[in-house]
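Student: prediction below, plus the sequence it came from.
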Amino acid sequence: MIGKVDKQTEIKRYRDVIRKASIHGDYVIIGVEHQSTFDKNMIFRILNYDATTYINQVESKKEVYPVGSFVFYTGDEE
């Protein structure tokens with residue numbers, strides 16, 4: 001843990017959509033997230049999702065594919 005934390009909590013989050021796709025015969029994992037409210041920490045959530053996807057691939061001892069993430073923001077705040 002980084003920083004001062006009084007009580008450790010576990011938060012489970014899941015991507016809105018995750019798919020394995022073939023692009024010209026090469027596979028890639030595509031993660032899609034829809035965000036309707038502004039979240040300044042969204043970049044850290046995506047980083048966590050991507051890291052977890054890579055960890056799961058490595059631990060499964062199968063081939064590791066690149067991960068691409070996309071966020072579609074439909075909120076009012078710029």
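Tutor: Thanks, I have it. Numbering: from 1, shown residues only.

Student: the most centrally placed residue in the chain: what secondary structure?
Tutor: Closest residue to the average C-alpha location of the chain: residue 49 at 2.6 Å, with C-alpha atoms, centre = their mean. The three-state assignment at residue 49 reads helix, by DSSP: H, G, I helix; E, B strand; the rest coil.

Student: what comes up buried for stretch 29-39?
Tutor: Going by neighbour count (16 or more other C-beta atoms under 10 Å), the buried part of stretch 29-39 is 29-31, 33. Just so you know, the C-beta spots here come from the backbone N, C-alpha and C atoms, and that holds for glycine as well.

Student: identify the residues contacting it?
Tutor: Here stretch 29-39 makes contact (C-beta atoms under 8 Å, 6 or more residues apart in numbering) with 15-21, 42, 45-46, 49-50, 53, 57, 65-75, 77.

Student: any weak-confidence spans in this structure?
Tutor: 1-11 (pLDDT under 70).

Student: so for stretch 18-31, what gets flagged as buried?
Tutor: Within stretch 18-31, the residues scored as buried using 16+ other C-beta under 10 Å are 29-31.

Student: reformat these into CSV and put distance to residue 38 and secondary structure next to each item.
Tutor: Formatted as CSV, those follow (distance: C-beta to C-beta, whole Å; DSSP: H, G, I helix; E, B strand; the rest coil):
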residue, distance to residue 38, secondary structure
29, 26, strand
30, 24, strand
31, 20, strand
